[in-house]
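Enquirer: Provided below for reference: sequence and predicted model.
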Amino acid sequence: MPRRTVHLVKWVWTNTTRGVKGQWVSQKRKNPGRSAQSSLTKSHTKSPTKQPSDKTTYRFSEDFNASYDDQRGINPIRLPNGLGKKKTASPNEYLQQWRYRTHDYLDIMLQWEAPPPDRPIFCTKCCRAEHSLRPFHWISQWNGDFFERTTLTKLGVEIHAGHGGKPCPHHDWEWEDTDDEGRYAPGTPGPGEDAPSAEVPPEFPEAYDGEPDVFVEPGSGAAAQDFPEVNILPAGKTAITVVHTSGVHIMSIRFCRCPDAETLDKQLFKMGLFPASFTRPKTVFTFALLDDFILDNLECRTSAMNYYSKLKRITSSVFPHLVPDRYRELMRVARQWRQLKLLKWNGFCHERRDPKDGELALFCPACPQPGINVAVPTEDDTSPKWLYTRSLVMDGNFKAEHLHPTRPEDKVWLTNRQCFMVARARYQAHLAISKDLAQRSECNNHRAVNQANTSRHKLEVTGIGGCTCARHGCFVPNSMVDFQKGERQMNMDYALCNALSYNTDGLSRAFTFYDVNCQYYKHLRRRVDESLHLTIPSGMEIVPGIGLWHVHGHQDKCFVRYASNFIPGAARIDGEIMETLWAPLNIISPSARGMSTPHRQECLDYQMNDCNFMKMIQMARSRKEVEIDLLHNSAPWPGERSQLGAVTWLASGITIEEMQIALAMEIRRAGKHQTETQTLEIGRRRVRLQHSIDEFITGAARYLGEEYDVDDCIADMDVHFLKDGLDSDWSSNDIPDSGGHPPWVLFRPEIAVIPLPSNLGLERCEELGVVGLVRKEITLREGQPNDMLHVIRVHLADKAVLFRTTVWPAKSQATTTRAWAQVHSVE
């Protein structure tokens, strides 16, 4: 038998961020023998007593040699194949581990049903005080035998409007009924309100005298298993149905009765409750619920019916059909909430005017828009032509159908023409006078051409079509149209002309990619000239193209003429990006099929706007992401020497400039008369900054070449600050004098200009032969403002939280001062 030793290992449990994990750890033998051979012999491999049978192997050590008999009776430990390799466990491996833990987790889950000790128990009075500002929690009440589900309204919890949750001082403490009849009878509809779908159940009898204990349930109450909780109010009180993410509640609300009090609906809105009606509101929706519904609709494509069905099951999982039905009110209020969100996001809170066409929609920030992201071109502009070229993709989708409305005369438009769908009246006027010409395809038999006049009598709309930017896939505002039959040219003409007119003042050329452009583009100019509602910007050249996937279904001559590979200035565009955008819209389209025409249009507008928003936030890359990308693609340009580490060197230079600006701001904030502590801290920061500058300059000769001279004339920078009310005339030349000591005239690293390519200039970089560094610095600079915008967003969110949690609740001078100090500390 060959001499082999067993690698002794021990199973050790380790605490990690994902829980407790076990692993094999090697153990050294105290008296190792001689080195063993490096591999098993053939005879040992075939040994029936030593060969594992369950796909495991023996782990042998090469640092000592001994036979199995030398191990003092210790048999070799069999280890799984691949042990030692870093491998992520598969889902089935986690499930195998879960099988042995099921009963342990089940016991803990059962213990969680018991109230103490980690969850509070209150008496009725304390529970009422604790939940005065948390009225949408679910609670359980001890009835003598067990904790029974109940509501806060039964305990006397009321919502007070107009005074930050406190009772109105002018209240006469007689319940005012917002209903003309004086009392809201359970199960009876109020004026202008739908009747609840269930009768109010009788009140539960008290099991014993005195105030029962109340147990606060955690979470949203989704695990409720009892009768739907409809708050039982004493005689003479009115209930208002509140729909929240935790379920459907019926709460008692007391309104402000001050002489200058606002109307009831505005009082509710200021509390974060959106009223379903305005004169006598009986149903309100919390802002949190509306935001949650819109996010569910965008991400999960959840319809209003399915979402409200979920709320009913949260309220009562056993009797969801007895929960008051507010589905129709939810659909209507969600439309109003979407409009308010769009108006706020686009800056209409501070101006009273109607938005223009497409003004509530987001568009691609990378596509050229003169006056927005590129300068308006002039006659003597020598910029490349591609810089002022708009690239568009046209396509249609026949999944977004719409049925004929039951009451076509009863329509209320909230965002007509203000987003992506075109103005309804103008579009209908264009269709009324356009000639419907049947045209057979002269290329191959394309369905988009041959079935253009296919009609479906049960549908008002057979699909939608429009334009997106070809490179980034963002929908063009005010360019989406409905199809009445098939994908006719008159429909796409209107969409294309609106897209070419959106923020294109000064653009001289446009690429248009369309599946059947070989047929569509033939008579486009003639159709535009003959129409009263179609216009193309004067002087704009339209270059037709066909997507690289569809072009192979055309004749060979179309490939050479319309493929983007052969169009100068088109770059690498496939022209098929719009096909990928229909997939998410197709999921929401069935739920919009039976909506009213305005509601369907608003739903599609909001989906397309969110699609553009998600693309916008993913376009911007941080400086770290840019640096990583440059490090992975650091191959030198032709004719340039390899500069390993140049990206890191440039990134460190940009960081030094940020440190210089931060130090200059700190010196300005300290003023001209600094304390000794401030002077010492500034001096230390200057020393650290100078060390960073010296290290950066040391590497300059390596990356800028031997011709670079440290004494190249680069003037010190003069930092000026925008006017903000604090010594607005300050500049870096104003040197503070602290404590009568002479100023640091010679040691001012915060104004030193480091030898970055942007500071040397393009001409000097060409002389040094480091034009590649210029391109790399420009790429890094693009990530710098993205980082700053992210920091600004985070700080704005921090300030918003501080205002809500510290400033607004502050009542005394001391708490107000401390609250504002926290706000000012966020910079």
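Expert: Great, that's in hand.
Enquirer: let me see the backbone angles for the residue lying closest to residue 582 once chain neighbours are set aside.
Expert: Among residues not flanking residue 582 along the chain, residue 397 sits closest, at 4.5 Å (C-beta to C-beta, 6 or more residues apart in numbering). C-beta coordinates here come from the backbone N, C-alpha and C atoms, glycine included. Phi and psi for residue 397, reported as degrees, to the nearest 10, are phi -140, psi 120.
Enquirer: one more: residue 252?
Expert: As for residue 252, its main-chain torsions (degrees, to the nearest 10) stand at phi -100, psi 120.
Enquirer: the residue lying closest to it once chain neighbours are set aside: neighbour count?
Expert: Nearest in space to residue 252, with sequence neighbours left out and distances taken as C-beta to C-beta, 6+ apart, is residue 158 at 4.5 Å. Look at residue 158: counted by other C-beta atoms under 10 Å, it has 17 neighbours.
Enquirer: which residues touch the residue nearest to residue 582?
Expert: Residues in contact with residue 397, defined by C-beta atoms under 8 Å, 6 or more residues apart in numbering, are 463, 464, 465, 582, 585, 586.
Enquirer: please apply the same query to residue 606.
Expert: Contacts of residue 606 (C-beta under 8 Å, 6+ apart): 294, 298, 338, 342, 419.
Enquirer: which one of those sits closest to residue 380?
Expert: Of all these, residue 380 sits closest to residue 419, with 37.8 Å by C-beta to C-beta.
Enquirer: assign that closest one to helix, strand or coil.
Expert: Secondary structure, DSSP: H, G, I helix; E, B strand; the rest coil: residue 419 is coil.
Enquirer: wait, it sits on residue 611?
Expert: No: using C-beta atoms under 8 Å, residue 419 is not in contact with residue 611, being 12.0 Å away.
Enquirer: so for the two, which sits in the more crowded spot?
Expert: Using other C-beta under 10 Å as the criterion, residue 419 and residue 611 rank with residue 419 on top: 27 against 20.
Enquirer: excluding its backbone neighbours, what's nearest that one?
Expert: residue 605 is the one closest to residue 419 (C-beta to C-beta, 6+ apart), at 3.6 Å.
Enquirer: that neighbour is in what secondary structure piece?
Expert: Here residue 605, judged by DSSP states H and E, is contained in helix 597-619.
Enquirer: which residues does the next helix or strand after that helix contact?
Expert: Using DSSP H and E, the next helix or strand after helix 597-619 towards the C-terminus is helix 623-632. The contact list for helix 623-632, computed with C-beta under 8 Å, 6+ apart, reads 621, 647-648, 651, 654, 776, 779-780, 782-784, 786-787.
Enquirer: hmm, back to that, for the residue nearest to residue 252, grab phi and psi.
Expert: According to degrees, to the nearest 10, residue 158 has phi -130, psi 150.
Enquirer: show the contacting residues for it.
Expert: 251, 252, 253, 254.
Enquirer: surely residue 477 is within a helix?
Expert: No: counting by three-state DSSP, residue 477 is not part of a helix but coil.
Enquirer: next one: it relative to residue 759, how far apart?
Expert: Here residue 477 is placed at a distance of 40 Å from residue 759 (C-beta to C-beta, to the nearest Å).
Enquirer: the more surrounded of these two?
Expert: More crowded of residue 477 and residue 759, by other C-beta under 10 Å: residue 477, with 29 against 16.
Enquirer: I'd assumed residue 363 was in contact with the more buried one.
Expert: Yes: shown here, residue 477 and residue 363 form a contact pair, counting by C-beta under 8 Å, at 5.7 Å.
Enquirer: now do the shared contacts for those two.
Expert: residue 502.
Enquirer: all helices of the stretch 701-827 of the chain, in order?
Expert: For the stretch 701-827 of the chain, the helices defined by DSSP state H, counting those that start in this stretch occupy 757-760, 762-768, 771-802, 813-825.
Enquirer: buried sites along the third one?
Expert: Within helix 771-802, the residues that qualify as buried are 772, 773, 774, 776, 777, 779, 780, 783, 784, 786, 787, 802, counting by 16 or more other C-beta atoms under 10 Å.
Enquirer: okay, now the unreliable bits of the stretch 51-200 of the chain?
Expert: 51-87, 115-119, 171-200 (pLDDT under 70).
Enquirer: the strands in it, which residues?
Expert: Per DSSP state E, counting those that start in this stretch, the stretch 51-200 of the chain carries strands over the ranges 56-58, 78-80, 121-122, 139-142, 147-150, 158-160.
Enquirer: now do the stretch 401-550 of the chain
Expert: In the stretch 401-550 of the chain, the segments counted as strands under DSSP E, counting those that start in this stretch are 402-403, 459-461, 463-469, 481-483, 509-513, 541-545.
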